[in-house]
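Asker: pasting the structure only:
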């Protein structure tokens, strides 16, 4: 089976994108000071988080698979994360 | 007990997973009015698990479960493998007795949970999908009620839920909202879990023709295989890999402990790729097409994860209550969800009959759960998580086993030694000490 990139994998899933509202917000200062930023990049199976050249963490909330791993490892105050609004986000067909 | 507003339902269940659906179904069968709220577009659409359901408890709830429910395969082959970079040592256990009576089945949750929610509707549950519950509604507990400190949020009683601008009231709220349980946290029943008690599971569902699966895994008809793997599959990070057969797909994934992942500065998707491309895993997937990619947080603390599961007006069930169990050989969650749901429905029913849904009146849930086989198992394996945290489990043991077997099978024209002597020599060359082997053996025997 040929190796697929994370975006190629995500392209197989069905998402209902909430165009109006992101369910994820990073506090850049706390994320940087605590090292949470890099930990977020490493722990997310959907590569929602990436580190920009200036060290800030950008968030691609549309890719989120809603597992909650990021929230579990984030230092207090570094991350605001809740589920997307009802009916939005990933919709598993297999599960 | 005075209520400020008449409840809309006897019970509101939040989350249409295994725990939520079974709780709702059991309560509807008691003729209670039940609302089941699900944030996914349809029940099942937010739900994911590795894929093995130990199904006896479910069969007690739904006697025709195996014939009616969308189960994938009946697990008759269990393999446990220590995987090293260039070797692999495992136990391969196949047994026709596991097929009759059926003990475990593979499932895909988007399909299974949709079926469970249908059963709920047939039984009279009102199912509301596409609605996210934002928080629990609370009121001050009546003065003189059980010590406020013993309740989750100091002196509060849960009276319903809020979803957007809507407020819905019930005599009892059931938090079945999964491992992240925002409701249990909101109500003050659960706190942030330590990362050594949490793991992340990453999984692909890979489509393959059913004949290919049956040939590749040595299966007949709807028989299924469950492979559990430790060692090089997670690049030394605490955790393991799995490979389960569905009807015409495979569920393949890893589960890694968050504290170890962070400490070793590994990227979770690199570990997943490494597993999929491992020389002893890749051949199983050859020719397959990715159908879906998902992930899930796993509570691995066992008994330690179970905190308070009852407060005035609310109970917590399934993953939301931290009910998962890794015994080294079996990894369980869904059967515990069923057991907690059955116990919760009994406890809630008894409380509703008394017209008292205080924490004390709901205590039957906890008693019934810990009296069940599932609750007993949680106690029996209370020491398993700490044992499975030992670093050695994920590297040295697999290599030691392979070296002993290499000594036995590699006839290199030198005179043979007795197996015990080969084993001694392999141990001497291993970073493992005899003392560790003995202490791990004793600890393993006591905790697993």
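Answerer: That came in fine, so what should we check first? Keep in mind it's a predicted model, so treat the numbers as computed, not measured. Residues are numbered from 1 along each chain as shown, chains lettered A, B, ... in the order given.
Asker: where in chain A is pLDDT low?
Answerer: Under the criterion pLDDT under 70, no range of chain A is flagged.
Asker: up against chain B, what does it have?
Answerer: Proximity of chain A to chain B (CB under 8 Å from any CB of the partner chain) is limited to residues A:1, A:3-4, A:6, A:8-10, A:12-13, A:16, A:39, A:41-47, A:65-69, A:71-73, A:82-87, A:89-95. Yep, even glycine has a C-beta here, placed from its N, CA and C like the rest.
Asker: among those residues, the buried ones, what's the ChimeraX command?
Answerer: Remark: buried members of the residues of chain A next to chain B, expressed as a ChimeraX selection using 16 or more other CB atoms under 10 Å in any protein chain shown:
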select /A:1,4,6,9,10,12,13,39,41,42,43,44,45,46,47,65,66,67,68,69,71,72,73,83,84,85,86,87,89,90,91,92,94,95
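Asker: take the residues of chain A next to chain B and keep only those in strands.
Answerer: Cross-referencing those against strands under DSSP state E gives A:16, A:89-91.
Asker: residues touching the most centrally placed residue in chain A, list them.
Answerer: Chain A has residue A:48 as the residue nearest its centroid, 3.3 Å off, counting by CA atoms, centre = their mean. Taking CB atoms under 8 Å, 6 or more residues apart in numbering or on different chains, we find residue A:48 in contact with A:24, A:59-61, A:63-64, A:70.
Asker: 7 Å - rerun?
Answerer: By CB atoms under 7 Å, 6 or more residues apart in numbering or on different chains, the residues touching residue A:48 are A:24, A:59-61, A:63-64.
Asker: would you confirm that residue A:81 contacts residue A:67?
Answerer: No. Here residue A:81 lies out of contact with residue A:67, judged by CB atoms under 7 Å, at a distance of 10.4 Å.
Asker: that older thread, now the two most distant members of the contacts of residue A:48.
Answerer: For those, the maximum inter-member distance is 10.3 Å, found between A:24 and A:63 (CB to CB).
Asker: relative to chain A, how far out is residue B:407?
Answerer: Separation of residue B:407 from chain A (CB to the nearest CB, to the nearest Å) stands at 34 Å.
Asker: which pLDDT value goes with the closest residue to residue A:87 other than its chain neighbours?
Answerer: Closest residue in space to residue A:87, ignoring its immediate chain neighbours: residue B:130 at 3.5 Å, by CB to CB, 6 or more residues apart in numbering or on different chains. pLDDT recorded at residue B:130 is 98.
Asker: what residues are up against residue B:130?
Answerer: Taking CB under 7 Å, 6+ apart as the test, what residue B:130 contacts is A:86-87, B:41.
Asker: now with 8 Å?
Answerer: Contacts of residue B:130 (CB under 8 Å, 6+ apart): A:86-87, B:38-42.
Asker: out of these, which sit inside strands?
Answerer: Mapping the contacts of residue B:130 onto strands (DSSP E) picks out residue B:38.
Asker: isn't residue B:236 right up against residue B:394?
Answerer: Yes. Counting by CB atoms under 8 Å, residue B:236 does reach residue B:394; the two are 5.5 Å apart.
Asker: who's more crowded, these two?
Answerer: Ranked by neighbour count (other CB atoms under 10 Å in any protein chain shown), residue B:236 and residue B:394 place residue B:394 first, with 26 against 16.
Asker: just checking, that one touches residue B:233?
Answerer: No. Counting by CB under 8 Å, residue B:394 stays clear of residue B:233, with 9.1 Å between them.
Asker: residue B:94 pairs with what?
Answerer: Counting by DSSP bridges, residue B:94 is bridged to residue B:77.
Asker: next, count neighbours for it.
Answerer: Counted with other CB under 10 Å, residue B:94 comes out at 14.
Asker: and if you look at residue B:52?
Answerer: Residues lying near residue B:52 (other CB under 10 Å) number 26.
Asker: quick one: contacts for it?
Answerer: B:75, B:104-107, B:226, B:244, B:331.
Asker: ok, residue A:25 next?
Answerer: A:59, A:79-81.
Asker: are any of those buried, and which?
Answerer: So, by 16+ other CB under 10 Å, the buried ones in those are A:59, A:79, A:81.
Asker: tell me the domain ranges of chain B?
Answerer: B:9-72+B:107-190+B:307-382, B:196-299, B:395-447 (automatic domain parsing).
Asker: which one of those domains lies nearest to residue B:92?
Answerer: Of the domains of chain B, nearest to residue B:92 by CB to CB is domain B:196-299, at 9.1 Å.
Asker: list the contacts of the strand or helix carrying residue B:35.
Answerer: Assigned by DSSP states H and E, residue B:35 belongs to strand B:34-38. Residues from elsewhere that reach strand B:34-38 (CB under 8 Å, 6+ apart): B:8-16, B:20-21, B:24, B:27-28, B:43, B:46, B:117, B:120, B:124-131, B:133, B:161, B:163, B:168, B:170.
Asker: if we go to 6 Å?
Answerer: With CB atoms under 6 Å, 6 or more residues apart in numbering or on different chains as the test, strand B:34-38 has contacts from B:9, B:11-14, B:16, B:24, B:27-28, B:120, B:125-129, B:131, B:133.
Asker: can you give me the strands for the stretch 201-350 of chain B?
Answerer: With strands called from DSSP state E, counting those that start in this stretch, the stretch 201-350 of chain B shows them at B:223-231, B:239-245, B:249-257, B:289-299, B:310-311, B:314-316, B:325-326, B:331-332.
Asker: deepest of those, which one?
Answerer: strand B:314-316 (a mean of 32; mean count of other CB atoms under 10 Å in any protein chain shown).
Asker: list the contacts of residue 24.
Answerer: Went with chain A since none was named. By CB under 6 Å, 6+ apart, the contact list for residue A:24 reads A:59, A:61, A:81.
Asker: wait, I meant chain B there
Answerer: B:13, B:34, B:36, B:120, B:125.
Asker: of these, closest to chain A?
Answerer: Nearest to chain A out of these is residue B:36 (CB to the nearest CB; 13.6 Å).
Asker: what is the neighbour count of the closest one?
Answerer: For residue B:36, using other CB under 10 Å, the count is 30.
Asker: tell me what it is bridged to.
Answerer: What pairs with residue B:36, by the bridge criterion (DSSP bridges), is residue B:13, residue B:127.
Asker: neighbours around residue 35, how many?
Answerer: I went with chain A, as the question did not name one. The burial count for residue A:35: 12, using other CB under 10 Å.
Asker: the chain in question should be chain B.
Answerer: Residue B:35: 20 neighbours (other CB under 10 Å).
Asker: distance of it from chain A?
Answerer: Residue B:35 is 14 Å from chain A, by CB to the nearest CB.
Asker: do residue B:161 as well
Answerer: 12 Å.
Asker: now do the contacts for that residue.
Answerer: If a contact means CB under 6 Å, 6+ apart, then residue B:161 has B:12, B:133, B:136, B:168, B:173 as its contacts.
Asker: how about a cut-off of 7 Å?
Answerer: Per CB under 7 Å, 6+ apart, neighbours of residue B:161: B:12, B:14, B:133, B:136-137, B:168, B:173.
Asker: so it, which of the three states?
Answerer: strand (DSSP: H, G, I helix; E, B strand; the rest coil).
Asker: pairing partners for it in the sheet, please.
Answerer: residue B:136, residue B:168.
Asker: where does it land on pLDDT?
Answerer: We note a pLDDT of 98 for residue B:161 in this prediction.
Asker: thanks again, I'm all set now.
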